[in-house]
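*Asks:* Following is a predicted model, sequence given first.
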Amino acid sequence: MFSRLKKRYIIPFVLSGFLFVGVSFKDDFFEISKQIEIFTTLFKTINQNYVDETNPAELMDKAIKSMLADLDPYTNYFNEADVIKFKINNTGEYTGIGAMITRKEDKLIIKEPYKGFPADKAGLKAGDEIIQIGDVLLADFKDDASQLLKGAKNTKIDIKYLRQGKPLTAQLILDEVEVKAVPFYGKIDEKTGYIVLSQFNKKASSETKEALEKLKADGATQIVLDLRGNPGGLLNEAVNICNLFVPKGEIIVTTKSKNEKYNNTYKTTREPIDTEIPLVVIVDGKSASASEIVSGALQDLDRAVIVGSRSFGKGLVQRPIDMTYGTQVKVTISRYYTPSGRCIQAMNYNKKDKSGKATRTDEKNYNAFKTKKGRPVFDGGGVLPDVEIEETKTSTIAEALQKNDGIFNYVTYYYYKNPTLGEKIPTITDSDFADFKAFLKREKIEFNTETEVALKNTLEKAKKENVDSAINTEYQQLLTALQKSEETLIDKNQKEIKNLILDEIIKRYQYKEGLYQYYAKSNLEIKKAIGLLNNTTEYNKILKI
């Protein structure tokens with residue numbers, strides 16, 4: 001009963017609380033006051049009368065986060081512990097073990113140790129499963145276990161972990177960890193500089209500027225800026241990065257909101273580094289937000305050629321707002337528009353389908369805009385590259401294999417099977433691919449595609465309604481057919497999956513830096529970018545120079 005009441009009454013209360021900042025309620029004031037009073041009475045009544053002990057803070061935390069999830073994925077509530085993690089993402093600095101980790105059941109999985117930081121120094125490898133931190137068994141700890149790996153510099157933390165099922169111990173000594181916005185840059189050839197920009201924290205523009213200046217000093221006369229996989233970050237940093245390549249006073253992005261104080265036009269404010277150097281920007285389906293501001297603005301201003309596959313399509317701007325007791329809300333305050341006037345937001349969170357999911361803007365409903373020199377560009381679905389490379393789009397099956405850790409787990413198995421590979425770049429043979437497919441079957445790794453999840457949910461509902469026996473034969477037939485279809489898709493997308501396996505293998509032996517060095521020599525998008533930069537006629541034709 002409480003969950004039904006919570007959904008009906010808590011949502012208006014919390015929403016009203018957040019919107020007090022800079023918004024006049026006028027005619028809605030009575031309704032808001034009424035809902036606040038109802039909620040206050042409800043919350044007090046539940047906590048005083050419920051049969052078991054309640055945790056008011058936990059109930060409220062869940063209620064708020066559940067409500068915000070109905071708005072969009074970017075409007076989020078942060079309790080005190082969350083605020084610390086959110087600030088880490090924006091500053092790029094924290095004290096910890098220096099590794100990407102994820103929780104799975106009763107373990108913390110090391111996804112990627114960063115070279116030279118505490119986890120790496122302690123000998124931890126990708127795929128290691130932490131089961132105990134200090135005296136805390138993770139099987140008994142249901143809160144955010146990653147917080148147990150944080151503390152003051154030089155703090156010593158003893159851990160127990162599993163490696164390929166074998167129990168091991170290690171001691172971690174916490175240190176300052178700096179997450180670089182530009183993890184790699186260098187010259188690809190005599191005249192081409194390559195800059196990887198992986199996030200937009202507060203150091204993004206300064207690190208990009210430093211990389212650009214050093215590459216130019218080293219003789220680079222053309223630049224490839226790689227924004228693939230960059231999820232975005234600080235809007236001002238996106239403006240400052242554009243400013244490296246375009247003149248002072250140029251409009252980069254405009255934000256528009258129902259709240260007038262959030263309506264802003266962001267222009268470049270500094271003298272640029274180089275407005276003439278030929279520039280190619282690479283994007284993919286995981287380039288989002290600030291990445292799309294940079295690529296979209298440079299495209300609209302005819303300053304760079306965009307190469308790759310269509311970007312993610314996030315045209316919404318968030319702002320963190322501090323609240324009481326050290327909490328915070330990151331709320332979507334506006335939409336942003338590139339210099340041509342387009343908003344590249346792909347998902348419509350105000351329009352839901354029958355299952356309650358946001359709908360995607362149909363391509364036939366995209367609106368046309370023009371760049372500074374009159375080239376057509378479109379809104380509604382991310383930044384479409386000037387040179388689109390069909391082979392770089394992520395297939396559904398490859399995405400599933402990344403989400404379910406099929407590729408990650410196989411490479412862990414491969415790594416311990418081939419311990420002496422070192423800096424040698426392997427070739428993923430047909431035999432390796434057959435081994436990969438056999439591994440998926442042996443480990444019973446589920447793909448959990450949307451179709452598969454829907455089918456399994458149907459069986460669960462049938463069980464609750466005691467009709468599963470009547471449809472079990474048909475269900476098994478459908479599941480078998482679906483699994484065969486997934487196996488066919490794996491074979492059909494063999495080249496793409498082999499490349500993803502190879503990328504993960506290189507990271508295991510040579511860290512992320514080795515992967516970027518490999519990309520510089522062998523990556524399809526980078527080869528296309530270099531070819532375009534070397535073909536002045538084609539480059540100028542695209543930009544109408």
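*Replies:* All right, it came through fine.
*Asks:* ok, now which ones touch residue 290?
*Replies:* By CB atoms under 8 Å, 6 or more residues apart in numbering, the residues touching residue 290 are 200, 230, 232-235, 237-238. Glycine gets a C-beta too; all of them are placed from N, C-alpha and C.
*Asks:* what's residue 233 sitting at in phi/psi?
*Replies:* Note on residue 233: backbone dihedrals following degrees, to the nearest 10 are phi 150, psi -130.
*Asks:* Which one of the contacts of residue 290 sits in the busiest neighbourhood?
*Replies:* Neighbour counts for those peak at residue 200, which has 29 neighbours (criterion: other CB atoms under 10 Å).
*Asks:* quick one: the strands in the stretch 51-200 of the chain?
*Replies:* 76-78, 93-96, 99-104, 107-113, 129-133, 136-137, 156-163, 166-173, 175-178, 184-187, 192-196 (DSSP state E, counting those that start in this stretch).
*Asks:* what are the pairing partners of the last one, and which direction each?
*Replies:* Paired strands of strand 192-196, with direction, are strand 184-187 (antiparallel), strand 222-226 (parallel) (DSSP bridges).
*Asks:* can you list contacts of that strand?
*Replies:* Contacts of strand 192-196 (CB under 8 Å, 6+ apart): 182-188, 208, 211-212, 215-216, 218, 220, 222-226, 516, 520, 526, 530, 533.
*Asks:* circling back: rank the strands of the stretch 51-200 of the chain by mean pLDDT and give me the bottom one.
*Replies:* Of all those, the minimum mean pLDDT falls on strand 93-96 (a mean of 66).
*Asks:* Determine the number of other residues adjacent to residue 403.
*Replies:* Residue 403 is flanked by 12 other residues according to other CB under 10 Å.
*Asks:* you'd agree it is up against residue 448?
*Replies:* Yes. Counting by CB atoms under 8 Å, residue 403 touches residue 448, with 7.1 Å between them.
*Asks:* before we move on, back to that, can you put the contacts of residue 290 in a markdown table and add pLDDT and distance to residue 476?
*Replies:* Output for the contacts of residue 290, formatted as a markdown table (pLDDT from 0 to 100; distance: CB to CB, whole Å):
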| residue | pLDDT | distance to residue 476 |
| --- | --- | --- |
| 200 | 96 | 48 |
| 230 | 96 | 43 |
| 232 | 94 | 44 |
| 233 | 91 | 47 |
| 234 | 92 | 51 |
| 235 | 93 | 51 |
| 237 | 97 | 53 |
| 238 | 97 | 51 |
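*Asks:* Out of the residues you listed, which is nearest to residue 149?
*Replies:* Nearest to residue 149 among the contacts of residue 290, counting by CB to CB, is residue 233 at 23.2 Å.
*Asks:* Roughly how far does the closest one sit from residue 264?
*Replies:* 17 Å (CB to CB, to the nearest Å).
*Asks:* do residue 359 as well
*Replies:* According to CB to CB, residue 359 and residue 264 sit 28 Å apart.
*Asks:* And residue 108, by the same measure?
*Replies:* Between residue 108 and residue 264 the computed distance is 41 Å (CB to CB).
*Asks:* Which of those two has more residues huddled nearby?
*Replies:* The residue with more neighbours, out of residue 108 and residue 264, is residue 108; 22 against 15, by other CB under 10 Å.
*Asks:* how far away is the more buried one from residue 99?
*Replies:* Between residue 108 and residue 99 the distance is 9 Å, computed by CB to CB.
*Asks:* Run through the strands of the stretch 251-400 of the chain in chain order.
*Replies:* Per DSSP E, counting those that start in this stretch, the stretch 251-400 of the chain carries strands over the ranges 251-256, 264-267, 279-283, 305-308, 316-322, 328-337, 347-352, 358-360, 368-370, 376-378, 387-388.
*Asks:* Please enumerate residues in contact with stretch 335-344?
*Replies:* With contacts defined as CB under 8 Å, 6+ apart, stretch 335-344 is touched by 235, 250-257, 292-293, 296-297, 299-301, 311, 313-317, 345, 367, 369-372, 377-383.
*Asks:* Just the buried residues of those.
*Replies:* 235, 250-255, 257, 292-293, 296-297, 299-301, 311, 313-317, 345, 369, 371, 377-383 (16 or more other CB atoms under 10 Å).
*Asks:* Correct me if wrong: residue 148 contacts residue 132.
*Replies:* No. Look at residue 148 against residue 132 with CB under 8 Å: they stay out of range, at 9.8 Å.
*Asks:* any idea which element the residue nearest the centre of the chain lies in?
*Replies:* For the chain, the residue nearest the mean C-alpha position is residue 231 (4.7 Å; CA atoms, centre = their mean). Using DSSP states H and E, residue 231 falls within no helix or strand.
*Asks:* Surely it touches residue 199?
*Replies:* Yes. Judged on CB under 8 Å, residue 231 makes contact with residue 199 at a distance of 6.9 Å.
*Asks:* re the thing from before, show me what contacts the residue nearest to the centre of the chain?
*Replies:* Residue 231 sits next to 199, 286, 288-289, 291 when contact means CB under 8 Å, 6+ apart.
*Asks:* From those, which land in helices?
*Replies:* residue 291 (DSSP state H).
*Asks:* Could you export the contacts of residue 231 as JSON lines, including pLDDT and distance to residue 56?
*Replies:* JSON lines is the format used below for the contacts of residue 231 (pLDDT from 0 to 100; distance: CB to CB, whole Å):
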{"residue": "199", "pLDDT": "95", "distance to residue 56": "36"}
{"residue": "286", "pLDDT": "94", "distance to residue 56": "39"}
{"residue": "288", "pLDDT": "96", "distance to residue 56": "36"}
{"residue": "289", "pLDDT": "95", "distance to residue 56": "35"}
{"residue": "291", "pLDDT": "98", "distance to residue 56": "40"}
